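**Q** Next input, structure requested:
(chains A and B)
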Number of protein chains: 2
Amino acid sequence: MDPKAFFKLNYGVYIVSSSADGKDGGCVINTMAQVTSSPARLSIALNKNNYTLKLIETSGTFSGVVLSEDVEMEQIKRFGFQSGKNVDKYDGIPQGRDSLSNPYPIEGVCARFACRVISTLDVGTHVIVIGEVVEAEVMDSASPSLTYANYHVKKNGTTPPNAPSYQENTEKAAGYRCTVCGYILESDTLPDDFICPVCGKDASYFVKL
Amino acid sequence: MDPKAFFKLNYGVYIVSSSADGKDGGCVINTMAQVTSSPARLSIALNKNNYTLKLIETSGTFSGVVLSEDVEMEQIKRFGFQSGKNVDKYDGIPQGRDSLSNPYPIEGVCARFACRVISTLDVGTHVIVIGEVVEAEVMDSASPSLTYANYHVKKNGTTPPNAPSYQENTEKAAGYRCTVCGYILESDTLPDDFICPVCGKDASYFVKL
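**A** Numbering: from 1, shown residues only, chains lettered A, B, ... in the order given. Below is the predicted model of the structure:
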């Protein structure tokens, strides 16, 4: 099996968020797709160790935004390179709140959705969540959405994710951090054949947090 | 709800195929994603009326290929604009067969996967199928994969899908055809709020086959 085959799949870059028991949280994912149009339903996939998944399971709802090409790398780092277990990612940033009481970032966003969970599917390390869309809004019609390929280009032109401001929080998270791109695998174990979903490096590039 | 918000989601262009009871079939989909890396599992979503889904349900296996930017529009039309109920889409084209006995096209393809179905999730008009990957191969490392956005650019530079050679077969399919892009909804009913997943036109642009 050639792991490089998986890098040929196309993805976007999204932030899904939820709110439960007075806590807001959100994270970056690369898998969000419309699975039916009537009624409109989206699928998302999250790692089981992800804090945002726990909020979604408690609230039964989530918000999802599509990041645009002009999103600042800081926004992606904020939601992708640290864990909501240790920090309130929504603290101090421009945000909205949808009709299901979930927060969503508004900068660098070209569309947003508010969804009610209608089913979930356990697929091993991850859970697929299906949400029925109750709100859908274009936030920026002029900006194209960010593709995963363009994200790599963007990332390489900015401060690495282990810069001091993020180092502090990521060091408190449980899991493993990719030393190349800063991606955090929120898991107690690091499989030998794990491939970083952001930069494609293998498990030998990861360090325990 | 603004349907244009859904057009901001990122997709690729893929062909999934299967073989059962001596019949080969395949179709174009825009949703294929890796959902876990250990073990490697892919998710795909297919319309319930799709002939390929019936083959997958019978065989319990499927192949999936990632189309490359240089794929010929004829290949996409062959697998996307006609129904396997009426025509053998694999007849006469260069093809391979994987270890699970499923066919796959080899022209305009940059990667392929062979998968065993491990679970399915009914999401309404569609079914999400999770497959465990048993083979993964890069077919063309130089070509980038085709994005859905680039597919639209490619499509507009070629013969429309209602050209005679395809008209004949599509007219035999059961369902509705988008008069703008040729997409076929294989369904007995056309919901009033249906939006063409290929070109974004509403139900008024569809004609019954």
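
**Q** which ones are touching the residue nearest to the spatial centre of chain A?
**A** Nearest to the mean C-alpha position of chain A, counting by Cα atoms, centre = their mean, stands A:Val28 at 1.4 Å. Residues near A:Val28 by Cβ atoms under 8 Å, 6 or more residues apart in numbering or on different chains: A:13-15, A:76, A:79-80. (Glycine included, C-beta is placed from N, CA and C.)

**Q** after the lowest-mean-pLDDT helix or strand in chain A comes which helix or strand?
**A** Confidence across the helices and strands of chain A bottoms out at helix A:164-170, with a mean of 31, counting by mean pLDDT, DSSP states H and E. On the C-terminal side of helix A:164-170, the closest following helix or strand by DSSP states H and E is strand A:176-178.

**Q** List the neighbouring strands of that following strand plus their orientation.
**A** If you go by DSSP bridges, strand A:176-178 pairs up with strand A:184-185 (antiparallel), strand A:206-208 (antiparallel).

**Q** now those in a markdown table, with mean neighbour count and mean pLDDT?
**A** Output for those, formatted as a markdown table (neighbours: other Cβ atoms under 10 Å in any protein chain shown; pLDDT from 0 to 100):
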| stretch | mean neighbour count | mean pLDDT |
| --- | --- | --- |
| strand A:184-185 | 24 | 78 |
| strand A:206-208 | 13 | 84 |
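
**Q** how about the ones you listed in CSV, adding distance to B:Ser63?
**A** Shown next, in CSV, are those (distance: least, Cβ to Cβ, whole Å):
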stretch, distance to B:Ser63
strand A:184-185, 29
strand A:206-208, 32
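
**Q** Any idea which of these gets closest to B:Asp192?
**A** For B:Asp192, the closest of the strands paired with strand A:176-178 is strand A:184-185, at 44.7 Å, according to Cβ to Cβ.

**Q** What segments of chain A are helices?
**A** A:51-59, A:73-80, A:148-155, A:164-170 (DSSP state H).

**Q** out of the strands paired with strand A:176-178, which comes closest to A:Asp192?
**A** strand A:206-208 (10.9 Å).

**Q** what's in contact with that closest one?
**A** Under Cβ under 8 Å, 6+ apart, the answer for strand A:206-208 is A:175-179, A:185, A:190, A:194, A:196.

**Q** Buried ones from those, can you make that a PyMOL selection?
**A** If you want just the buried ones from these in PyMOL, going by 16 or more other Cβ atoms under 10 Å in any protein chain shown, the selection is:
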select buried, chain A and resi 175+176+177+178+179+185+194+196
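
**Q** any idea how far B:Ser19 is from A:Val117?
**A** 35 Å (Cβ to Cβ, to the nearest Å).

**Q** For these two, indicate the residue with more neighbours.
**A** Taking other Cβ atoms under 10 Å in any protein chain shown, A:Val117 and B:Ser19 do not tie; B:Ser19 has more neighbours (23 against 17).

**Q** where does chain A dip in pLDDT?
**A** For chain A, the stretches with pLDDT under 70 are A:156-173, A:180, A:197-200.

**Q** Nearest approach to B:Phe113 belongs to which of the strands paired with strand A:176-178?
**A** Checking the strands paired with strand A:176-178 against B:Phe113 by Cβ to Cβ gives strand A:184-185 as the closest, at 22.8 Å.

**Q** Touching the closest one from outside, list them.
**A** In contact with strand A:184-185 (Cβ under 8 Å, 6+ apart) are residues A:47, A:81-83, A:170, A:173, A:175-178, A:194, A:206, A:209.

**Q** Kindly state the domain boundaries assigned to chain A.
**A** With domains defined by the TED database, chain A comprises A:3-155, A:175-208.

**Q** With respect to burial, which of these scores highest?
**A** domain A:3-155 (a mean of 20; mean count of other Cβ atoms under 10 Å in any protein chain shown).

**Q** That domain: end-to-end distance?
**A** Domain A:3-155 has its terminal residues 22 Å apart, counting by Cα to Cα, to the nearest Å.

**Q** what do you get for stretch A:127-146?
**A** Terminal residues of stretch A:127-146 lie 24 Å apart, using Cα to Cα.

**Q** Generate JSON lines for the contacts of A:Val28, with distance to A:Lys155 as supplementary columns.
**A** Formatted as JSON lines, the contacts of A:Val28 follow (distance: Cβ to Cβ, whole Å):
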{"residue": "A:Val13", "distance to A:Lys155": "10"}
{"residue": "A:Tyr14", "distance to A:Lys155": "16"}
{"residue": "A:Ile15", "distance to A:Lys155": "16"}
{"residue": "A:Ile76", "distance to A:Lys155": "8"}
{"residue": "A:Phe79", "distance to A:Lys155": "14"}
{"residue": "A:Gly80", "distance to A:Lys155": "10"}
